[in-house]
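>>> 3D, please:
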Amino acid sequence: MGYDLLSAFAPHEGELIAIRRDIHKHPETAFQETRTAALVAEKLRGWGLQVHTGLAGTGVVATLKGRRVTGDKARDGRSIGLRADMDALNLQEKNDFAHASAYAGKMHACGHDGHTAMLLGAARHLAADPDFAGQLHFIFQPAEEGEGGARVMIEEGLFEKFPCDAVYGMHNMPGTPLGHFAIRPGAMMAASDTWTTVFRGTGGHGAMPHMGSDPTMAAAAFVTATQQIIARNVSPQHAAVISVGHIAAGAYGSPNVIPSQVTIRGTARSYTPADRDLLERRLNELAQGIAAAHGVSVEHDYLRRYPPLVNAAAQTAIAIRAATALVGADKVDGDTEKLTGAEDFAFMLERKPGAYILIGNGGSVADGSCHYVHTPHYDFNDAILTTGAAYWVELVKQE
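Okay, here's the model as predicted:
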């Protein structure tokens, strides 16, 4: 069945490529996806779907009812959501192909152009042949890249206006073989939190450090101590990450001045509520204790951003069946490793059971035959557009 479905998409490959490259050339960042949303809504309406716009500003949701009646009241009344993200990144593209970004400092460096095109391809196919029970909601989400567009859509009534019994997402993965799929039940991606620690002292002359209080020593001790949380507080059976991404202090032109303030910012990644609580608590305890030991003051803030992405067992099994039917069991990894990256589809999975799957973008990051996401030479691989679109259709059949 799967291979016939792939063949059915072949005649529409050129259209999907054109859509994908048009979106890539005109990238729009979080909550600014007006052109992209208009293109999506126009295509969906042209294919006969009911379209709702404006959720979370630029979000688009299209609804399609199936024609199949099974006699099973629960299945015939079932609704599922299929989600794709639409936003680009604030990044200067360094590719020189014809569909490279036309906008300085903005780029589709994560493949959301491809995700949008794949879900559009599935919507086109299913609208022409709605041979399924229940109804579908095609969710085109803004602002995945750090701004929590999924959370905003939910807050604005996504699941009240478009009830879903389950939701599904998909993301491309450079370095995974072309058209292969990878997924796992349970926690698949990490919670992503941001912390900020500011140490304050009097500062002073670099030649006379005893005349003041030096926040740089506290900051240095704190940066080192953060790794002790991972090594000595988090269970060796678990995984967690604390990384420092920003340190600011003093003036470059005054190396003989001990600064009065040091600001440190970083990220914390975890997979369970208990470990998330642990990282938040221990970072604060270390900041307060180190400040006291060095005779300086401290302000510490911990911001919970994206929750861990947790796949439900039943929906993961459905996703594996769909991918296997499409490409064969040898191309589906149903127990892939966890990723320490984060995804705001996790907000949807907090509310509804569902599953998030990866589709291989091909190549190797190590040998340079592909570029990883969030880098200036990345590009979505058009060769997987029909495979991704067909996966969505097979998933609907399996559901």
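>>> Arg35 reaches Lys25, doesn't it?
No - using Cβ atoms under 8 Å, Arg35 makes no contact with Lys25, being 10.4 Å away. In this view, the C-beta of every residue, glycine as well, is placed from N, C-alpha and C.
>>> give the contact list for the most centrally placed residue in the chain.
Central residue of the chain (Cα atoms, centre = their mean): Glu343, 2.8 Å from the mean position. Glu343 makes contact with 144, 169, 171, 189, 306, 309, 356, according to Cβ atoms under 8 Å, 6 or more residues apart in numbering.
>>> returning to what we had before: neighbour count winner among Arg35 and Lys25?
Shown here are Arg35 and Lys25; by other Cβ atoms under 10 Å, Lys25 has more neighbours (17 against 14).
>>> which of the helices or strands spans the residue nearest to Ala182 when sequence neighbours are not counted?
Leaving aside its chain neighbours, Ala182 sits nearest to Thr336 (3.8 Å; criterion: Cβ to Cβ, 6 or more residues apart in numbering). Per DSSP states H and E: Thr336 is located in neither a helix nor a strand.
>>> tally of neighbours for Thr336?
Neighbours of Thr336 (other Cβ under 10 Å): 16.
>>> repeat for the one 10 residues further on
Residues contacting Ala346 under the criterion other Cβ under 10 Å number 24.
>>> how much space between it and Val241?
Distance, Ala346 to Val241, by Cβ to Cβ, to the nearest Å: 16 Å.
>>> re the thing from before, what about the residue nearest to Ala182, distance to Tyr391?
Counting by Cβ to Cβ, the gap from Thr336 to Tyr391 is 16 Å.
>>> Phe31 now?
Going from Phe31 to Tyr391 by Cβ to Cβ gives 28 Å.
>>> which one's more surrounded, these two?
Neighbour count, other Cβ under 10 Å: between Phe31 and Tyr391, Tyr391 has more, with 28 against 16.
>>> would you list the phi and psi of that one?
Dihedral pair for Tyr391: phi -60, psi -50, per degrees, to the nearest 10.
>>> that one reaches Ile320, doesn't it?
No - applying Cβ under 8 Å, one finds Tyr391 not in contact with Ile320, separated by 11.3 Å.
>>> next up, the contacts around the residue nearest to Glu13 when sequence neighbours are not counted.
Distance criterion Cβ to Cβ, 6+ apart; nearest residue to Glu13, sequence neighbours excluded, is Thr386 at 5.2 Å. Applying Cβ under 8 Å, 6+ apart, we find Thr386 in contact with 6, 9-10, 12-13, 16, 121.
>>> if you set the cut-off to 10 Å instead, what comes out?
Contact analysis of Thr386 by Cβ atoms under 10 Å, 6 or more residues apart in numbering lists 5-13, 16-17, 118, 121, 125, 179.
>>> pull out the buried residues from the helix ranked longest in the chain.
Criterion DSSP state H: the longest helix present in the chain is helix 273-294. By neighbour count on 16 or more other Cβ atoms under 10 Å, the buried set for helix 273-294 is 275-276, 278-280, 282-284, 286-287, 290-291, 294.
>>> got the CA coordinates for it in CSV?
The C-alpha trace of helix 273-294 is given here as CSV (Å, rounded to 0.1, in the frame of the first residue of the first chain):
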residue,chain,number,x,y,z
PRO,A,273,9.5,17.2,35.8
ALA,A,274,11.6,16.0,38.8
ASP,A,275,14.9,16.8,37.0
ARG,A,276,13.6,20.1,35.7
ASP,A,277,12.7,21.0,39.3
LEU,A,278,16.2,19.9,40.4
LEU,A,279,18.0,22.0,37.9
GLU,A,280,16.0,25.1,38.8
ARG,A,281,16.6,24.6,42.6
ARG,A,282,20.3,23.7,42.5
LEU,A,283,21.2,26.6,40.1
ASN,A,284,19.6,29.0,42.5
GLU,A,285,21.2,27.4,45.6
LEU,A,286,24.6,27.5,44.0
ALA,A,287,24.2,31.2,42.9
GLN,A,288,23.2,32.2,46.4
GLY,A,289,25.8,30.2,48.2
ILE,A,290,28.7,31.3,46.0
ALA,A,291,27.7,34.9,46.2
ALA,A,292,27.7,34.7,50.0
ALA,A,293,31.1,32.9,50.0
HIS,A,294,32.6,35.7,47.9
